[in-house]
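Trainee: need a structure here:
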Amino acid sequence: MKPIKLKVNSYIKKLSFVKADLEYHRAEHLERKRGFLEDLYEFMTNKDFKFSEKKISENMMDPYKKEENDQPPDLAEQSKKLFREIAKATHPDKNPEEEKREIFTKAQQAYSEGDWYTLYDIGLQLGFDPGEFNEHHVEWLKQEVEKVEAVVKSIKNTLEWQYGEPEVNKETILTSYCKATCDIPDEDEGKKDKIVI
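Mentor: The predicted structure is shown next:
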């Protein structure tokens, strides 16, 4: 096997692992967020705090926000070819099977997002030849691994995630969240004042 193919395969395995790790963190984050929001609602009701749209937009980040994903021309061309082959085999007009429809939808989303890896993975499962590999594949896969790892790190830095950690001071986290997102009454003067953290 050519060294470039071995290198690509190595990064594909890394990307597969970090994507599985991301899937776990997303599911766990959703569970932790539910518990956090239930407790937050009660906390805010007892304190009579109100959300501030301005503070939310200034202070909160979306850990799942997608970055632009520019592919080198050869990867873009390969993605296009793979998507066409996948579409021929799975398009709902030609295949009424639910499983094929789901594959088509997944491939369509991957193609629109410039996600070569998902198209490659689907194509491999369907028995399609992805074509030749080069250093652009390695570079793109390396960047994807870094992006996915950054999303996992962002999820673990959210207050909702930290709130679900054992032995955490939950009141401190709820207070921090409210300081970042709410208009809080000034206890000394009895009026609303924004607190910047």
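
Trainee: could you use CA atoms for every contact and neighbour count after this?
Mentor: OK.

Trainee: find the centremost residue of this structure, please.
Mentor: When CA atoms, centre = their mean is applied to the chain, the residue found nearest the centroid is residue 64 (3.8 Å).

Trainee: is it true that it lies in a helix?
Mentor: No - if the criterion is DSSP: H, G, I helix; E, B strand; the rest coil, then residue 64 is coil and not within a helix.

Trainee: I'd assumed residue 151 was in contact with it.
Mentor: Yes - applying CA atoms under 8 Å, one finds residue 64 in contact with residue 151, separated by 6.4 Å.

Trainee: what is the neighbour count of residue 94?
Mentor: 12 (other CA atoms under 10 Å).

Trainee: mutual contacts of residue 64 and residue 151, please.
Mentor: Shared contacts of residue 64 and residue 151 (CA atoms under 8 Å, 6 or more residues apart in numbering): none.

Trainee: chain center to the one helix or strand residue 179 maps to, what's the gap?
Mentor: Using DSSP states H and E, the element containing residue 179 is helix 170-181. Helix 170-181 has its C-alpha centroid displaced from the chain centroid by 24 Å (CA atoms, centre = their mean, to the nearest Å).
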